[in-house]
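>>> this one's structure only:
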C-alpha cells in the first residue's frame, strides 16, 4: 500500500507518478494520439448502417422505449429502399423491437447519452469515451505480451553504456560543461537500465497503429470488443495461474460481457472450457468458467 504522503498528493503529483512508469507513459501517448482525430472531427456525423443502428438502439434505451430501432424519426434512412405506408401496417412509432444486434455496445452508448445528453454532440462524447478505451488497449497488450515474452530481455550492459558515455565526453572536449552535465545526469545508470522488450514493442505497435488510432471515430462494436477480449484473455490466464474457481468465474463473467458485445467469441469460450476441463484437469474451474 502506498504511503499516506503519496495518497495525499495533488493530482499533478499523481499524474507525474503514473507517467513515470512505462505503462503510464504508453497509455498517455496512445490517448493523446487518439484524442487528436476526435477533436479534429468534432462535428463529424456517422455514415454506415451499423453506426446508425447502434445509435438508434442507444437512443431508444435512454428514452425508455426498450431495445428498438427505426423509430418514426429514423424512417428516412430506409424509406428510399423499403417504401411502405406506416398507416397501412402495424407500426409502432417508438420503433421496431429487435434482437438482431448484441446489446452491450448499444448499452455502452446509452450510458454515455444518458450522462451527456442525446443531442448533436452525442457522437463527439461517444468518440471521446472510445478514445480512452482505445488507449487502454496499449497497457493490456503490454501485460498480455509480457506473459509470453522470453524470460531474458536483452539489456544494454553497463559496459556498453559507459562506452557510449565516454564517446560522448571525448567528442565534447571543447565543451567541458556538457561533459560535466553528462556525468551529473547519470547517463551510465540510465542507459544501463534501458530494456528492449518484445512486450514493449507490442504495446508501441498498438499505440501507433493508424487504424487503431482513428477507430474511436466509428460507432462500432470493435471499440469495446477489443478491450474486452484482451481482458478476457488476461483474466483467464490469471485464473489458470491461481487454479481457484472464483478466478475462473471472474474470467467467465468477462467472457460473457465480450459475447454480449460480439457473439463470435462464443466458440472461443467453449474451447476455453474444454481446455480447462480436460487439459488442466480443473473441473471446478471449467464449471465456473
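Good, I have the coordinates. For clarity, every value in this text was computed on a predicted model and none was experimentally measured.
>>> and the helix or strand hosting residue 26, what does it pack onto?
Taking DSSP states H and E as the criterion, residue 26 maps to helix 22-40. Applying 3 or more CB pairs under 8 Å, 6 or more residues apart in numbering; DSSP states H and E, one finds that helix 22-40 makes contact with helix 11-19, helix 122-148, helix 198-208, helix 210-214. For every residue, glycine as well, the C-beta is placed using N, CA and C.
>>> nearest to residue 258, of these?
When the helices and strands packed on helix 22-40 are compared by CB to CB, helix 122-148 sits nearest residue 258, at 13.0 Å.
>>> need the winner for burial among the helices and strands packed on helix 22-40.
Among those, helix 122-148 has the highest mean neighbour count (mean count of other CB atoms under 10 Å), at a mean of 20.
>>> and that one, what other elements does it pack with?
helix 22-40, helix 104-116, helix 198-208, helix 210-214, helix 222-242.
>>> out of these, nearest to residue 278?
Going by CB to CB, the one of the helices and strands packed on helix 122-148 nearest residue 278 is helix 222-242, 13.7 Å.
>>> hmm, who's touching stretch 70-88?
With contact meaning CB atoms under 8 Å, 6 or more residues apart in numbering, stretch 70-88 is reached by 49, 52, 56, 59-60, 65, 93-96.
>>> just checking, which of those residues belong to helices?
Counting by DSSP state H, these place 49, 52, 56, 59-60 in helices.
>>> report the contact partners of residue 263.
By CB under 8 Å, 6+ apart, the contact set of residue 263 is residue 102.
>>> please apply the same query to residue 130.
215-216, 223.
>>> before we move on, the earlier item: using CSV, lay out the helices and strands packed on helix 22-40 together with distance to residue 272 and mean pLDDT.
Formatted as CSV, these follow (distance: least, CB to CB, whole Å; pLDDT from 0 to 100):
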stretch, distance to residue 272, mean pLDDT
helix 11-19, 32, 63
helix 122-148, 15, 96
helix 198-208, 22, 95
helix 210-214, 25, 98
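>>> starting at the chain centroid, how far to stretch 67-74?
Distance of stretch 67-74 from the chain centroid (CA atoms, centre = their mean, to the nearest Å) equals 30 Å.
>>> still on that earlier bit, residue 275: which of the ones in helices among the contacts of stretch 70-88 is nearest?
Nearest to residue 275 among the ones in helices among the contacts of stretch 70-88, with distances taken as CB to CB, is residue 49, at 36.9 Å.
>>> for that closest one, give its distance to residue 109.
16 Å (CB to CB, to the nearest Å).
>>> what does the pLDDT read for residue 179?
On pLDDT, residue 179 comes in at 48.
>>> okay, buried residues for stretch 246-258 please.
Of the residues in stretch 246-258, 247-252, 254-258 count as buried by neighbour count, 16 or more other CB atoms under 10 Å.
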